[in-house]
Structure formats: C-alpha cells, structure tokens
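1. how does the following fold in three dimensions:
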Amino acid sequence: MFKAFFRKIALIFIITSAVAQTETEVAPPYNIKTISFIQSNENVVPIFKLGDGFQFQFDDLFGNEANYYFEIVHCDYDWKPTDIPKTEYLKGFDGQRIQEYENSFNTLQIYSHYKLPIPNQFVQLRISGNYMLKILDENKEVLFSRKFIVYEDIVNVPVEIRRARTANYLDYKHNIQFSVRSSIINFQNPLKNIKVVLLQNGQFNTAIKNIVPQYTIGNELIYKYDAQTQFWAGNEFLYFDNNDIRAAGNNVSQIDSSKGIYGANLYTNNARANYPYSVTPDINGNFVVRNIRGAKNEVEADYAWVYFSLSAPAFRMNKGIYITGMFNNYSITPEYKMDFNAAKNIFEKAVLIKQGFTNYQYQVADEKGNIDAENAIDGNFWQTENDYTILVYYRENNDRYERVIGKAITNSNVITN
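-> Take a look at the predicted model:
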C-alpha cells in the first residue's frame, strides 16, 4: 500500500517537473531552410497583435513533399508551458498536417516550400502570451520549433532612446527609458504582476528581462534606469545581394556554377571595431527572398553556397565567431561557426542561403551560445541605428497565465544625449 502511494507521489513529481520545463527553440536539421514568419508579404519579427493573421513558412531541401504537422504550446513569461488546457488558448485543434506546400520551379537546388497560415481552418488563437510553434515529422517527433508572441493593445508605452547614462559606456551603448500607462487597467501590485521584455532588432537571445518599475506616478509605471536597460549598440549589419544569382551583385565578388548549385563568393570583410563608424543602410538583420528573373519568389528563388570571409587579425579570444541574422534566427550552432584558415590568416565559412537581399553580422559567442557583445568583431558605436521593442506582460492576482498587454517599437535614429 505504501509502495503504491509513493509511486503515485513520484509520478506526480515527474509530471509536474516535465510541465515546468522551459521550452527552448529546437534548431532545424540541415534540410530545413529559410524559416520565416510572414505578414503583409514581408518577413517579420514574430510578434503579432491578437486577432491578426500571419504565415509560417519554410523550405525542405529534400523536395519530397514530406508530411509535416504542427503543434502550438502556450508559455509563460519564462517560456515554461502554462498549465491551462489547450481549449482555453486554442479554438480548434493543433496536431494537424500542414496542407499548403509547393515544389521549387527552375532551380538547381530542389526544395518543397511549406506554408502554415495562422489562423487556419483547424485552429485560432484565443489569448495573448508567449507561444512555441513546433513542427513535427511523420512520427510526430519535433523536427524544429520557433517562438512567437501574441499581444493585446491595451496599454501605452512611451519610449526614449538615449546614449548610455554611465560615462565609460557613453560611446558604446544605448539606454532604453520608458513608461507603461493604462486607462483601462488598474495595476494590482505592479512590482510583482507587471513584467517587461526589451528586444534589440528582434533578437530573443539577447533580450533584457526581469526589470521592475523604478517608481510609479498614479497608474503610470516609470522605467528610467541608468544601467539595467542598456544594450551594446553594435554596428550596422553587413549585407549581400544576389537576387540575380547568375551575376555578381552588391558585395559579391564572384559567381560559380560548376558545383551543381550556385556559389557566391563575398568580398572579404575587415573587422570594424577599430575603424571609425560609417553609415551603412541596413534592414536591421532582416532578409528578403528575391529572384529578379522569377515571378514567384517563394518557389523560384534558388539556393547558393555563400562563401563568407573575415579578416580579424586582432581576434585572440577562446570563443567562436558566428555568422548570424534573421535568415538563420541568429543561430549560434556549428553550421554557422567560422573556421580559421591559417594559410590566408582569415576566418571562413560557406553557408547555404536562399537568394535575395540578406543582412548578416559576425557575433562572438562561447560554446554554450552566450554572446559576447562587449567584444563585438565590428565594435559598438552609439550612432548605430537599431530597432528596439518593448513588450509588457501582466498577470492579475487571480489569473492563471500572463497576458501580453502592450507593445512599443522605436528606433535609435531618434537617440538623444
């Protein structure tokens, strides 16, 4: 009797532990490329207003029209699955097969292109919050996953971007000062129930979290910190354009089509940390799939091996250099880690990327994926133009989950001293 009782207790503990486990994004296998959230025909940071539609798209380089399924998990502020039933956050059922797919046309690299619209005929989202979208294979095992966030527009978030408030970082950081106002909600215990997330250029892996209001004025929460809300400013993103994959475009030095699929050799980049800041227009890490010779970019844009090279003779750290951008979800994985060519004294890497206009950057990180923004290869300059997003989470004392009740976006081109 006692053994059976303790077995039940152990089982409850195991189940509870599993439920409380933090959801992390699963990196896709080699054959899955160009994963993107699409809204108004543009690739976007996956933060959507409740009720608005969007699409999730990706390519499978095997091109065999494989069956893929989707699952949606609602999470809390810390990306742990909430304990509310699916019927409370989904109208309909997930676990369904992705219905829309199409094979590539006139491309050397074959692929199948998949689209998952949300909402769709099977499912709609009922509530705001953090979500994990999982793509499953035929065995219903997770192939890869991506975060997205759904918000309600019920608070105002005035924002100011300033140079760092600490003298030693004045030229290298951006400081985010903001407040949260609402005429609809009377905030209960804001130090406990209000949480915020600050994002730079939509990067979840460098988010600033767990910042409490500094003080309140009536029903307005004030965040005017000097150090806690600072980001390293970085430098402008680099880019290449191979929308005409048969010709050398911007920042492409040479095209090669002798190896089965196209190859695009980029000009060697120099580490810019010790160079003066130079204005370089970018799209803050984003990318645009485009084939200037095609009519339907989704399936007529080809893939090319893009050969990156970086001259960074002063780099002596026991860390890796990674090529990142929205094109690969800022992934710190071996597929994007550069190799050092001792004969040429440069770092090199070949990455398979769908053709178009692509922003990228070189990020320094350790083996655990911790990014070292302070020692950025291209330096940190207060003049750098970045997008900043603030998300506001709220959970009243009797609520069972955290709502995302507001979003603000601003750009550092309006920076003040």
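2. all helices for the chain, in order.
-> Listed in chain order, the helices of the chain (DSSP state H) span 2-19, 86-89, 190-193, 297-300.
3. hang on, residue 238 packs against residue 361?
-> Yes. Taking C-beta atoms under 8 Å as the definition, residue 238 is a contact partner of residue 361 at 6.4 Å. No exception for glycine: its C-beta is placed from N, CA and C like everyone else's.
4. got the domain boundaries for the protein?
-> 21-151, 159-233+384-414, 247-365 (automatic domain parsing).
5. quick one: mean pLDDT over the shortest one.
-> Average pLDDT, domain 159-233+384-414: 94.
6. re the thing from before, columns mean neighbour count and distance to residue 378 on top of the domains of the chain, output as CSV?
-> Converted to CSV, these look like this (neighbours: other C-beta atoms under 10 Å; distance: least, C-beta to C-beta, whole Å):
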stretch, mean neighbour count, distance to residue 378
domain 21-151, 17, 22
domain 159-233+384-414, 17, 9
domain 247-365, 17, 4
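7. distance to residue 372 added to these, as JSON lines?
-> Output for these, formatted as JSON lines (distance: least, C-beta to C-beta, whole Å):
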{"stretch": "domain 21-151", "distance to residue 372": "20"}
{"stretch": "domain 159-233+384-414", "distance to residue 372": "10"}
{"stretch": "domain 247-365", "distance to residue 372": "4"}
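8. lowest average confidence across the helices of the chain, which one?
-> What stands lowest among these, in mean pLDDT terms, is helix 2-19, with a mean of 48.
9. residues of stretch 364-380 that come out buried?
-> 364, 365, 371, 373, 376, 377, 378, 379, 380 (16 or more other C-beta atoms under 10 Å).
10. from those, pick the one nearest residue 23.
-> Distance to residue 23, by C-beta to C-beta, is smallest for residue 371 among those, at 20.2 Å.
11. for the closest one, which residues are in contact?
-> Residue 371 makes contacts with 205, 206, 332, 363, 364, 365, as judged by C-beta atoms under 8 Å, 6 or more residues apart in numbering.
12. which ones among those lie within strands?
-> 363, 364, 365 (DSSP state E).
13. what would the residues you listed look like in JSON lines with pLDDT?
-> Putting the ones in strands among the contacts of residue 371 into JSON lines (pLDDT from 0 to 100) gives the following:
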{"residue": "363", "pLDDT": "97"}
{"residue": "364", "pLDDT": "97"}
{"residue": "365", "pLDDT": "96"}
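14. include distance to residue 234 when you put the residues you listed into CSV, please.
-> Below are the ones in strands among the contacts of residue 371 laid out as CSV (distance: C-beta to C-beta, whole Å):
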residue, distance to residue 234
363, 9
364, 11
365, 14
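15. which one of those residues sits closest to residue 258?
-> Nearest member of the ones in strands among the contacts of residue 371 to residue 258, counting by C-beta to C-beta, is residue 363, at 31.7 Å.
16. give the contact list for the closest one.
-> Residue 363 touches 321, 322, 324, 330, 332, 371, 373, 376, 377, counting by C-beta under 8 Å, 6+ apart.
17. with pLDDT and distance to residue 411 added, can I get the residues you listed in JSON lines?
-> Formatted as JSON lines, the contacts of residue 363 follow (pLDDT from 0 to 100; distance: C-beta to C-beta, whole Å):
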{"residue": "321", "pLDDT": "97", "distance to residue 411": "27"}
{"residue": "322", "pLDDT": "98", "distance to residue 411": "25"}
{"residue": "324", "pLDDT": "98", "distance to residue 411": "20"}
{"residue": "330", "pLDDT": "97", "distance to residue 411": "19"}
{"residue": "332", "pLDDT": "96", "distance to residue 411": "26"}
{"residue": "371", "pLDDT": "96", "distance to residue 411": "22"}
{"residue": "373", "pLDDT": "96", "distance to residue 411": "19"}
{"residue": "376", "pLDDT": "96", "distance to residue 411": "20"}
{"residue": "377", "pLDDT": "97", "distance to residue 411": "23"}
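18. restricted to strands, list these.
-> 321, 322, 324.
19. from these, which is closest to residue 158?
-> residue 324 (31.0 Å).
20. what's near enough to touch that closest one?
-> 330, 331, 332, 336, 360, 361, 362, 363.
21. the same query, at a cut-off of 10 Å, please.
-> 203, 205, 237, 285, 330-333, 336, 359-363, 365, 371 (C-beta atoms under 10 Å, 6 or more residues apart in numbering).
22. so how far is residue 300 from the closest residue to it other than its chain neighbours?
-> Spatial nearest neighbour of residue 324, excluding adjacent residues (C-beta to C-beta, 6 or more residues apart in numbering): residue 330 at 4.4 Å. According to C-beta to C-beta, to the nearest Å, residue 330 stands 27 Å off from residue 300.
23. again with residue 164
-> With C-beta to C-beta as the criterion, residue 164 and residue 300 are 46 Å apart.
24. over to residue 99?
-> 21 Å.
25. now do residue 378
-> Computed as C-beta to C-beta, the residue 378 to residue 300 distance reads 33 Å.
26. and what of residue 226?
-> 51 Å.
27. what's near enough to touch residue 266?
-> Applying C-beta under 10 Å, 6+ apart, the residues contacting residue 266 are 238-240, 242, 248, 250-254, 306-310, 360.
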